[in-house]
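>>> Structural data only, the sequence is not supplied:
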């Protein structure tokens with residue numbers, strides 16, 4: 001089985017937080033990786049509330065440099081320093097991210113006892129044997145990225161089949177690597193004893209005007225996490241502020257062939273009418289849910 005992908009919504013508000021919703025921040029856990037997508041004001045306190053350790057963060061993905069997505073970044077870095085964080089942390093973002101991080105570290109000086117690596121990214125920018133991360137430019141008035149976490153497909157050995165033929169020992173690894181084997185004088189073809197276990201794809205689209213890049217980028221997502229700052233009734237305001245409506249998010253999910261849609265970055269104006277707001281997307285794409293702070297998703 002592939003490893004579980006755990007998503008924790010640390011903040012689901014739009015520009016202004018509410019009593020129930022903090023500024024934008026989402027944590028993705030996969031094996032030893034803890035990838036933080038955006039770091040709005042108060043994110044480190046959200047870690048405390050949900051009993052997660054910020055010192056396990058390995059990478060931070062910044063979608064764009066509006067305050068509700070980055071005001072918590074310096075606080076997280078300061079906390080890591082005070083907590084004797086002993087790893088190298090990677091911060092990725094759109095064009096200008098290296099300069100912004102350099103400038104805030106100059107202005108707000110604190111003891112930095114760990115290495116901070118910052119990169120402006122687009123396209124595939126990080127890859128391991130198990131997964132890769134990809135960025136795509138969006139439209140929000142300033143440089144803005146959407147991100148995809150893509151788990152790679154794995155060749156798996158059918159345990160029932162090898163058990164039937166008594167195949168065991170180190171030679172099983174050969175099958176797993178797609179190689180034909182000789183066992184007890186007989187030849188066995190790898191294709192007859194293996195299958196592809198397809199990996200999962202998680203897409204993050206936060207703060208953007210609807211544009212031609214989105215659908216192709218998030219295509220076939222197992223989970224699409226998408227901003228929905230406005231309802232369809234306020235589509236003119238959404239366009240004016242370079243945001244998506246819940247209905248547009250539903251259309252993106254449907255047209256991209258995504259399996260599930262979770263809406264986030266919800267304006268405070270809809271806090272008392274969330275069911276109606278959710279229905280705005282559900283009329284287009286049924287597998288839709290509005291995220292609340294501390295919601296979890298497991299894939």
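That came through, no problem. All values reported here derive from a predicted model rather than from experimental measurement. Numbering: from 1, shown residues only.
>>> Walk me through the domains of this protein.
As recorded under automatic domain parsing, the domains making up the chain are 5-153+198-298, 155-195.
>>> In this protein, which residue is most central in space?
The residue lying closest to the centre of the chain (Cα atoms, centre = their mean) is residue 204, at 5.2 Å.
>>> Without its sequence neighbours, what residue ends up closest to residue 64?
Of all residues not flanking residue 64 in the chain, residue 144 sits nearest, at 3.9 Å (Cβ to Cβ, 6 or more residues apart in numbering). (C-beta placed from N, C-alpha, C; glycine too.)
>>> So residue 152 sits against residue 132, correct?
Yes - under the criterion of Cβ atoms under 8 Å, residue 152 is in contact with residue 132, at a separation of 7.2 Å.
>>> residue contacts, the residue nearest to residue 64?
Taking Cβ atoms under 8 Å, 6 or more residues apart in numbering, we find residue 144 in contact with 63-64, 94, 137-138, 207-208.
>>> before we move on, back to that, which residue packs closest to the residue nearest to the centre of the chain, ignoring adjacent ones?
The spatially closest residue to residue 204, leaving aside those adjacent along the chain, is residue 147, at 4.7 Å (Cβ to Cβ, 6+ apart).
>>> Confirm that that neighbour sits in a helix.
No - Residue 147 is assigned strand when assessed by DSSP: H, G, I helix; E, B strand; the rest coil, not a helix.
>>> measure it to residue 136 for me?
Going from residue 147 to residue 136 by Cβ to Cβ, to the nearest Å gives 8 Å.
>>> higher neighbour count, the two?
Neighbour tally, residue 147 and residue 136, criterion other Cβ atoms under 10 Å: the higher count belongs to residue 147, 27 against 20.
>>> what's near enough to touch the more buried one?
Residue 147 sits next to 37, 61, 63, 133-136, 203-204 when contact means Cβ under 8 Å, 6+ apart.
>>> Go through the contacts of residue 144 and flag which are in strands.
Among the contacts of residue 144, the members falling in strands are residue 137 (criterion: DSSP state E).
>>> wait, isn't residue 231 in contact with residue 275?
No - counting by Cβ under 8 Å, residue 275 is not a contact partner of residue 231; they are 11.8 Å apart.
>>> Of these two, give the one with the bigger neighbour count.
Between residue 231 and residue 275, counted using other Cβ under 10 Å, the more crowded position is residue 231 (23 against 9).
>>> In contact with the more buried one, which residues?
Counting by Cβ under 8 Å, 6+ apart, residue 231 has contacts 245-247, 270, 276-277, 280.
>>> most surrounded residue in these?
Sorting the contacts of residue 231 by how many neighbours each has (other Cβ under 10 Å) puts residue 246 first, at 33 neighbours.
>>> per-residue pLDDT, it?
Looking at residue 246, its pLDDT is 97.
>>> Relative to residue 10, how far out is it?
Computed as Cβ to Cβ, the residue 246 to residue 10 distance reads 21 Å.
>>> Most tightly packed of the domains of the chain?
Among the domains of the chain, domain 5-153+198-298 has the highest mean neighbour count (mean count of other Cβ atoms under 10 Å), at a mean of 19.
>>> Quote the end-to-end distance of it.
With Cα to Cα, to the nearest Å as the measure, domain 5-153+198-298 spans 6 Å from end to end.
>>> Off-centre distance for that domain?
Centre-to-centre, domain 5-153+198-298 and its host chain are 6 Å apart (Cα atoms, centre = their mean, to the nearest Å).
>>> if we can go back for a sec, among the contacts of residue 144, which pair sits farthest apart?
137 and 207 (12.5 Å; Cβ to Cβ).
>>> just the helices in the stretch 101-250 of the chain please.
159-164, 172-176, 214-217, 235-240, 246-256 (DSSP state H, counting those that start in this stretch).
>>> so for the shortest one, what's the average pLDDT?
Per-residue pLDDT values over helix 214-217 give a mean of 98.
>>> Contacts only, for residue 208.
Residue 208 sits next to 138-140, 144, 146, 214, 227, 242-244 when contact means Cβ under 8 Å, 6+ apart.
>>> which one of those is nearest residue 253?
Nearest member of the contacts of residue 208 to residue 253, counting by Cβ to Cβ, is residue 214, at 10.2 Å.
>>> That closest one contacts residue 148, correct?
No - the pair residue 214 / residue 148 is not scored as a contact, 11.2 Å apart, by Cβ under 8 Å.
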